[in-house]
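Trainee: can't give you the sequence, but here's the structure:
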């Protein structure tokens with residue numbers, strides 16, 4: 001005769017005891033309770049660490065970067081490479097057009113980047129700084145842009161620059177940025 005008592009009250013309430021005509025005792029446990037008891041050890045298991053790089057670069061690259069690398073080796077036209085794999089609009093943030101004070105930072109920056117928006121000031125800044133931005137291989141992040149058409153217009157001002165419409169809130173928070181256009185190099189934040 002099975003007389004196991006569950007320790008959890010809600011499980012105990014779902015167990016039913018029956019007697020048949022022969023006087024035998026039966027205990028019925030719902031399938032969901034049994035399934036839960038079988039799965040519980042797996043759910044409560046500790047996560048398994050597959051790799052720990054100790055804060056070092058993993059060497060993994062994004063699909064966009066991989067495409068750019070392949071393109072530079074195989075002479076794929078820049079217009080094809082420059083197009084991001086997926087962009088969704090609108091892309092908005094709390095950043096706005098304004099003037100910043102240049103300052104040094106101590107954050108790790110692998111590749112210089114700049115942030116612009118879809119506005120006249122950003123377009124003029126892109127046009128004026130395009131040569132320098134290309135020389136330092138800066139990546140362009142675009143915020144406050146509503147459509148693919150607006151991105152095409154900004155890309156015309158940017159020429160051969162890499163421009164991607166992506167959310168910049170977390171990047172702005174890390175570097176304490178409120179205004180754009182802004183350039184972040186390995187050493188400083190400037191305009």
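Mentor: Perfect, I can see it now. Given the structure is predicted, the values throughout are model-derived calculations rather than measurements.

Trainee: how about the nearest residue to residue 94, chain neighbours excluded?
Mentor: Distances taken as Cβ to Cβ, 6 or more residues apart in numbering place residue 169 nearest to residue 94, at 7.0 Å, with adjacent residues excluded. For every residue, glycine as well, the C-beta is placed using N, CA and C.

Trainee: do residue 125 as well
Mentor: residue 181 (4.1 Å).

Trainee: Does the one you found touch residue 116 like I think?
Mentor: Yes. Using Cβ atoms under 8 Å, residue 181 is in contact with residue 116, at 4.7 Å.

Trainee: okay, residue 89: pLDDT?
Mentor: Looking at residue 89, its pLDDT stands at 85.

Trainee: Wait, residue 130 touches residue 162, no?
Mentor: No. Contact criterion Cβ under 8 Å: residue 130 and residue 162 do not qualify, at 11.8 Å.

Trainee: higher neighbour count, the two?
Mentor: Between residue 130 and residue 162, counted using other Cβ atoms under 10 Å, the more crowded position is residue 162 (22 against 16).

Trainee: what's the closest non-adjacent residue to the more buried one?
Mentor: Here the residue nearest residue 162, using Cβ to Cβ, 6+ apart, is residue 139, at 5.1 Å.
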